[in-house]
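Engineer: Pasting the sequence and the predicted coordinates here, then a few questions.
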Amino acid sequence: MAAPSMSELASYICSKLHSVFSRACESTDGAPVALDVAVEEIAAAASRKGRIFVHGVGREGLMMKALCMRLAHLGLSAHCVGDMTTPPIMPPDLLVASAGPGGFPTVDAICGIARSVGARVLLLTTKPSSGSACPYASAIAFLPAQTMADEPKQGSDPDSGLDLLLPMGSVYEGAMFVLFEMVVFKLAKVLGQNPQSITARHTNLE
């Protein structure tokens, strides 16, 4: 059998991500659609002059940093937890955190600190009702994608034999990127931002 072509690999990846968002459009345990809740929480923080803080670990954390960059381009005060210039979180602020498998010790702790000082916490997760980070969340964005925690033990898709494509939670992380692009698109409309104003905020120190 011939090796799959680049376009076939891309189609496989896109179909996996499409299936995530097909499921995400269906409410689970009363949880609102991830796109809606994310836009609402970030827009509400902006309306009350709050800052946006983002946090995640591993590749989830990289996706959160990408979101942070775009939020800054939208004109919001956005900060990555752990950066040297990140200010203290306050009651008007919003922490957007990701815990794909439901929780991580560090994510749980940071969410707990944010809630303890009165800030809101938006949690992205595949476990909207059972994750250890959920009790700290003010709002939950349910993203029903496969993470490393629930990956099949054989590490392959039995229907395709593509053993190493989208391994170790890549489906969840890829879905985060797609979700955040939709969030930024929607927020630009809500905040009255146009492509020119967004582009003008991009760094010139490159």
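Structural biologist: Structure received.
Engineer: Pull out the buried positions in stretch 34-45.
Structural biologist: Residues A34, L35, V37, A38, V39, E40, E41, I42, A43, A45 are the ones in stretch 34-45 that count as buried (16 or more other Cβ atoms under 10 Å). Any C-beta I mention is one placed from the backbone N, CA and C, and that applies to glycine too.
Engineer: can you put the residues you listed in CSV and add pLDDT and secondary structure?
Structural biologist: Output for those, formatted as CSV (pLDDT from 0 to 100; DSSP: H, G, I helix; E, B strand; the rest coil):
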residue, pLDDT, secondary structure
A34, 93, helix
L35, 95, helix
V37, 96, helix
A38, 97, helix
V39, 98, helix
E40, 97, helix
E41, 98, helix
I42, 98, helix
A43, 98, helix
A45, 98, helix
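Engineer: Of these, which is the nearest to L205?
Structural biologist: Nearest to L205, judged by Cβ to Cβ, of the buried residues of stretch 34-45 is I42 at 25.9 Å.
Engineer: What distance do you get for the closest one to L35?
Structural biologist: For I42, the distance to L35 equals 11 Å [Cβ to Cβ, to the nearest Å].
Engineer: between these two, what contacts are shared?
Structural biologist: The contact sets of I42 and L35 overlap at V183 (Cβ atoms under 8 Å, 6 or more residues apart in numbering).
Engineer: can you redo the buried residues of stretch 34-45 as a markdown table with distance to G102?
Structural biologist: A markdown table is the format used below for those (distance: Cβ to Cβ, whole Å):
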| residue | distance to G102 |
| --- | --- |
| A34 | 15 |
| L35 | 20 |
| V37 | 17 |
| A38 | 18 |
| V39 | 23 |
| E40 | 22 |
| E41 | 19 |
| I42 | 22 |
| A43 | 26 |
| A45 | 24 |
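Engineer: Out of those, which comes closest to G112?
Structural biologist: For the buried residues of stretch 34-45, the nearest to G112 is E41 (18.0 Å; Cβ to Cβ).
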